[in-house]
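Asker: Here is my input; please provide its structure:
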Amino acid sequence: MIARLGSRDRRLLPRATVAALTHYPVFLDLRDRPVLVAGAGRVALRKTRGLVESGARVTVVAPQWAPGFESLPVRRVSRRFRASDLRGAALVFAATDDRRTNRRIGLLARRQGILANIADAADECGFIVPARLQRDTLQIAISTGGTNPRLSAALRRKLESVIRRLH
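Answerer: This is a model prediction of the structure:
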């Protein structure tokens with residue numbers, strides 16, 4: 001879109017806007033695709049629920065489990081992450097409570113050409129997950145590029161209330 005703007009129109013955009021766009025927004029079809037989630041805390045549970053809703057085949061690897069995982073149709077592996085867990089994964093989510101493990105997962109995934117989301121380090125992510133609003137077939141994604149997730153979540157809540165009033 002920016003490339004199609006005329007030079008006069010491009011001058012209206014702040015320079016930082018073009019330089020700051022480090023992520024390309026996309027909606028992925030994950031139906032029946034293998035996705036690995038490392039960790040089973042609150043953050044991992046939220047991400048896993050979204051993946052299950054999208055139809056992904058999710059494997060969750062963790063030594064301990066937050067309540068809520070038992071009701072999800074996922075493959076549960078009760079142990080710490082191993083490098084071999086990445087084999088065959090289309091996407092990876094590192095959401096353990098250990099910074100070193102999350103970083104290691106990200107590095108291993110990158111070496112294997114697998115996109116990884118690192119829950120505690122946006123700058124290590126191959127992709128970020130936006131705040132998402134879904135109502136029937138409408139889906140809206142809001143992102144600050146990982147710099148301000150609270151703002152994204154607040155905007156999602158505001159949009160949700162607007163859409164509820166319109167519907």
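Asker: so what's the backbone phi/psi at N102?
Answerer: Per-residue torsions, N102: phi -60, psi -40 (degrees, to the nearest 10).
Asker: Please apply the same query to V60.
Answerer: According to degrees, to the nearest 10, V60 has phi -110, psi 130.
Asker: Could you break the chain into its assigned domains?
Answerer: Taking automatic domain parsing as the reference, the chain has its domains at 34-124, 131-166.
Asker: export those to JSON lines and tack on distance to T22?
Answerer: For every residue, glycine as well, the C-beta is placed using N, CA and C. Formatted as JSON lines, the domains of the chain follow (distance: least, Cβ to Cβ, whole Å):
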{"stretch": "domain 34-124", "distance to T22": "10"}
{"stretch": "domain 131-166", "distance to T22": "6"}
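Asker: among the ones you listed, which gets the worst mean confidence?
Answerer: Note on these: lowest mean pLDDT is at domain 131-166, with a mean of 88.
Asker: buried set for that one?
Answerer: Of the residues in domain 131-166, A131, L133, I142, S143, T144, G146, P149, S152, L155, R156 count as buried by neighbour count, 16 or more other Cβ atoms under 10 Å.
Asker: Can you show me the strands along this protein?
Answerer: 34-38, 57-61, 75-77, 91-94, 115-118, 131-135, 138-142 (DSSP state E).
Asker: Make CSV from the ones you listed and add distance to R49 to it.
Answerer: Compiled in CSV, those are given as follows (distance: least, Cβ to Cβ, whole Å):
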stretch, distance to R49
strand 34-38, 10
strand 57-61, 10
strand 75-77, 14
strand 91-94, 12
strand 115-118, 15
strand 131-135, 11
strand 138-142, 15
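Asker: From L86, how far off is the closest residue to R31 other than its chain neighbours?
Answerer: Leaving aside its chain neighbours, R31 sits nearest to G55 (3.7 Å; criterion: Cβ to Cβ, 6 or more residues apart in numbering). Distance of G55 to L86, computed by Cβ to Cβ, to the nearest Å: 21 Å.
Asker: just G146 next, same as before
Answerer: Distance, G146 to L86, by Cβ to Cβ: 22 Å.
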